[in-house]
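Visitor: my questions concern the predicted model and sequence given below.
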Amino acid sequence: MAEMIDDSLMVTMNGDLCPGEMKEEDSPQHEVKEDSQSSLIQLMSAVSIGKTSETNVMSIIDWEEYFMSIAYLVANRSKDPSTQVGACIVNQRKRIVGQGYNGMPRGCSDDEFPWKKVGPDLETKYFYVCHAEMNAIFNKNCDDISNCTIYTILFPCNQCTKTIIQSGISEVVYMCDKNKDKVEAIASMKMLDACNVRYRQLRPSWAGLNIDFKQGLCEIVKIGQSKSIPQPTTQQIDNTKKRQNCLPWDAYFLAISILVAKRSKCPEEQLGACIVNEEKRIVGQGYNGMPQNSRNVFPWRTDSKNILENKILYECHAELNAILNANLQVKGCKLYTITFPCNECAKAIIQSGIKEVIHLKKAEDKDTYVAAQIMFNAAKVTFRQHTPKDEMLYVDFSQIEL
Ligand SMILES: O=c1ccn([C@H]2C[C@H](O)[C@@H](COP(=O)(O)O)O2)c(=O)[nH]1
């Protein structure tokens, strides 16, 4: 049975939630101990935080939209000239544990293997290309993905379905079922039904994703709203050769960081970060938020004379959360982030063994960033600003006919 997704969620300036917001325990932020938390709650009541007269709102991407958006963004790495598919695997704590797109097997050159759709079997892509779902499973960043959900653009074929079932995934959420009458899809359904793996279609309420590298912002483009959004240039595609305009790695990881930021409830600035290992696997992602399980008791404001009523003492930064959310070793990894890390995050980056920081925006001239740079230099953590070639990336959700 198909399920509708929620509209984007809104949060008010003081952190109050609008109807339908996820409970705080659903947040993938790092955990805090319950006992230390209760004393904090008392403290917060004592300083009577909570209501402010401010009415600013910030849009937050819904979990399901977020995971499917990740799948669409990942698809932008595919070299397949005709169909770019993406998939992402999510565990019960709502952490992304695997991402993949359709491509040739490791070591099989994208330039040498065929991308043709028609011709003698051995000369078409079909015998060689690995599907997005299979790649997401093989790219997993933890040992066990049982009871996870896979978000995928296409309903999985029978081969991927076998891999999904054998890896213990318990739910498949897909957008497009254009292949539903093909024998491969029918076989998939038979296997999923027999093995009690749930599957459902996500009906899109959005047309695409507009990633603005200049501002470090992401806009969800709803259906019917797309006219104001710059459309990708249409060029003649040669679908016998590898796709040329695939998103470069640095731009891709920064785009992921921008999308991750869209989960942040911070009304002032939504920030995101991701950590990438040598194999180019994303091992951790994070956004700025209050400590996990803090039940929205902490303020988002920044303007109170009483420092205990401001967010600064409580907010966990995106970089810290990405490190704490990592499922694999972060030693030797790269960290991609929208803004240059503050001195506190710099300490966490250095202590965790991260070796390179790639930031989208220029570091502001403030002591916290100067201190971070001094420490990075001393610790031999390299850092560089990366400005993607294109200022905007439009991720088109209608690229695959629904
Ligand atoms: O579930 C699926 C089904 C297909 N793919 C990949 C395999 C190919 O690279 C393309 C399909 O190419 P067409 O030109 O549309 O036949 O999509 C996948 O990753 N997952």
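Guide: Sure, I can see it. Numbers count the residues shown, from 1 in each chain.
Visitor: where does D144 land in three-state SS?
Guide: coil (DSSP: H, G, I helix; E, B strand; the rest coil).
Visitor: one more: I312?
Guide: Going by three-state DSSP: I312 is helix.
Visitor: the host helix or strand of L324 packs against which elements?
Guide: Assigning secondary structure by DSSP states H and E places L324 in helix 318-325. Packing contacts for helix 318-325, counted by 3 or more Cβ pairs under 8 Å, 6 or more residues apart in numbering; DSSP states H and E, involve helix 249-261, strand 272-276, strand 282-287, strand 334-337, helix 343-352. From N, CA and C alone the C-beta is placed, and that goes for glycine too.
Visitor: tell me which of these lies nearest to the ligand.
Guide: With Cβ to the nearest ligand atom as the criterion, the ligand lies closest to helix 249-261 of the helices and strands packed on helix 318-325, at 17.3 Å.
Visitor: and the closest one, average pLDDT?
Guide: Per-residue pLDDT over helix 249-261 has a mean of 98.
Visitor: where does the stretch 301-402 of the chain get nearest to the ligand, which residue?
Guide: I400 (8.2 Å).
Visitor: what number of residues lie near the closest residue in space to that residue that isn't next to it in sequence?
Guide: In this structure, I400 finds its nearest non-sequential neighbour in C176, 5.1 Å apart by Cβ to Cβ, 6 or more residues apart in numbering. Using other Cβ atoms under 10 Å, C176 is surrounded by 20 other residues.
Visitor: and what of the one 5 residues further on?
Guide: Under the neighbour criterion other Cβ under 10 Å, D181 is assigned a count of 8.
Visitor: mind checking which helix or strand it is in?
Guide: Going by DSSP H and E, D181 is not in any helix or strand.
Visitor: for it, grab phi and psi.
Guide: Note on D181: its backbone torsions stand at phi -90, psi 0 [degrees, to the nearest 10].
Visitor: also A379?
Guide: The phi/psi pair for A379 (degrees, to the nearest 10) is phi -90, psi 0.
Visitor: against I350, how distant is it?
Guide: For A379, the distance to I350 (Cβ to Cβ, to the nearest Å) stands at 4 Å.
Visitor: those two: which is more packed in?
Guide: In this view A379 and I350 are compared by other Cβ under 10 Å, and I350 has more residues nearby, 18 against 15.
Visitor: can you tell me which residues contact that one?
Guide: M375, F376, A379, V381 (Cβ atoms under 8 Å, 6 or more residues apart in numbering).
Visitor: tell me the one of these nearest D110?
Guide: V381 (32.2 Å; Cβ to Cβ).
Visitor: I307: neighbour count?
Guide: 9.
Visitor: what does M191 give?
Guide: Using other Cβ under 10 Å: M191 sits among 16 other residues.
Visitor: now it. Nearest residue, chain neighbours left out?
Guide: According to Cβ to Cβ, 6+ apart, the nearest residue to M191 is T161 (5.2 Å).
Visitor: in what helix or strand does the one you found lie?
Guide: helix 158-166.
Visitor: export that helix as CSV, just CAs?
Guide: Taking Å, rounded to 0.1, in the frame of the first residue of the first chain, the C-alpha atoms of helix 158-166 are listed here in CSV:
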residue,chain,number,x,y,z
ASN,A,158,15.0,-9.8,-8.5
GLN,A,159,18.8,-9.9,-8.3
CYS,A,160,18.9,-6.9,-5.9
THR,A,161,15.9,-8.3,-4.0
LYS,A,162,17.9,-11.4,-3.2
THR,A,163,20.7,-9.3,-1.9
ILE,A,164,18.2,-7.2,0.1
ILE,A,165,16.6,-10.2,1.7
GLN,A,166,19.9,-12.0,2.4
